[in-house]
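J.: Starting from these lines, generate the structure:
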Amino acid sequence: MPRRRLLKMNAGYERIKKQARRASALRSLAGREISPLPPVDDWTRRRKGVASLLEFCRLYFPEKFKKPFGKNHLALIDAFLCVISDGEKQAVAMPHGTEKTTIATAVVNSAIVENGCALVLSGVRMTFVEN
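T.: As a prediction, the model looks like this:
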C-alpha cells in the first residue's frame with residue numbers, strides 16, 4: 001500500500017479516536033455530576049461535625065455510632081484523616097464486623113460536607129480526589 005494512503009488512513013483513524021475520547025470524557029463527566037449540596041439546616045451541628053470527625057460520626061450517623069470508639073477505630077480514623085490531609089494511600093486490615101466500611105462512609109461524607117470533595121474508595125485503597 002502506498003505511504004500516502006497509509007498516512008491518510010492513519011489521520012482518519014486518529015480523528016475517530018479523538019472523537020471517541022471526547023465523547024467518553026463527556027459521558028464520564030455527566031455521570032459524575034449528581035447535584036449541588038443541599039442547604040444547611042443546622043449550622044451549629046455542621047460546625048461541630050466539621051471540627052471533629054468523631055463528632056461528625058456521632059452527629060450525622062447516630063444509629064451507626066452508638067457505642068464509644070475503640071482503639072482500633074481511633075487508629076483507623078487517624079489513618080483516614082492522613083489520607084484526606086496528605087493524599088496518602090492507606091491499606092486497611094481489620095476483622096470482619098469492625099465497622100471499616102461504616103467509618104469509611106462517614107469519612108467520605110465528612111469530606112464532602114467540609115470541602116465539597118470526595119474520597120474514591122477502591123478495594124482497600126483510598127485516594128483523595130478534589131472536584
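J.: hey, which helix or strand in the protein has the poorest pLDDT?
T.: Ranking every helix and strand in the chain by mean pLDDT, DSSP states H and E puts strand 125-129 at the bottom, with a mean of 43.
J.: and the longest helix belonging to the chain, how far out from the chain's middle?
T.: Under DSSP state H, the helix in the chain containing the largest number of residues is helix 3-32. Here helix 3-32 is found 29 Å from its chain centre; the criterion is CA atoms, centre = their mean, to the nearest Å.
J.: ok, then the element right after it?
T.: Sequence order places helix 43-51 as the next helix or strand after helix 3-32, per DSSP states H and E.
J.: Could you list the low-confidence segments of this protein?
T.: 1-9, 31-37, 115-131 (pLDDT under 70).
J.: can you list the domain ranges for it.
T.: 1-35, 42-131 (automatic domain parsing).
J.: which of those sits most buried?
T.: Compared across the domains of the chain, domain 42-131 shows the largest average neighbour count, a mean of 14 (mean count of other CB atoms under 10 Å). C-beta coordinates here come from the backbone N, C-alpha and C atoms, glycine included.
J.: Pull the distance from that domain to the chain's centre.
T.: 11 Å.
J.: what packs against the one helix or strand residue 103 maps to?
T.: Assigning secondary structure by DSSP H and E places residue 103 in helix 100-115. On a contact count with 3 or more CB pairs under 8 Å, 6 or more residues apart in numbering; DSSP states H and E, helix 100-115 meets helix 43-51, helix 53-60, helix 71-86, strand 118-122.
J.: Dump it to PDB, restricted to CA.
T.: Output in PDB follows, covering the C-alpha atoms of helix 100-115 (Å, rounded to 0.1, in the frame of the first residue of the first chain):
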ATOM      1  CA  LYS A 100     -14.500  -0.400  58.500                       C
ATOM      2  CA  THR A 101     -17.000   0.400  55.700                       C
ATOM      3  CA  THR A 102     -19.300   2.400  58.100                       C
ATOM      4  CA  ILE A 103     -16.300   4.600  59.200                       C
ATOM      5  CA  ALA A 104     -15.100   5.000  55.600                       C
ATOM      6  CA  THR A 105     -18.600   6.100  54.500                       C
ATOM      7  CA  ALA A 106     -18.600   8.600  57.300                       C
ATOM      8  CA  VAL A 107     -15.200   9.900  56.200                       C
ATOM      9  CA  VAL A 108     -16.400  10.300  52.700                       C
ATOM     10  CA  ASN A 109     -19.500  12.200  53.800                       C
ATOM     11  CA  SER A 110     -17.400  14.400  56.200                       C
ATOM     12  CA  ALA A 111     -15.000  15.300  53.400                       C
ATOM     13  CA  ILE A 112     -17.900  16.200  51.100                       C
ATOM     14  CA  VAL A 113     -19.600  18.400  53.800                       C
ATOM     15  CA  GLU A 114     -16.300  20.000  54.800                       C
ATOM     16  CA  ASN A 115     -14.600  20.500  51.500                       C
END
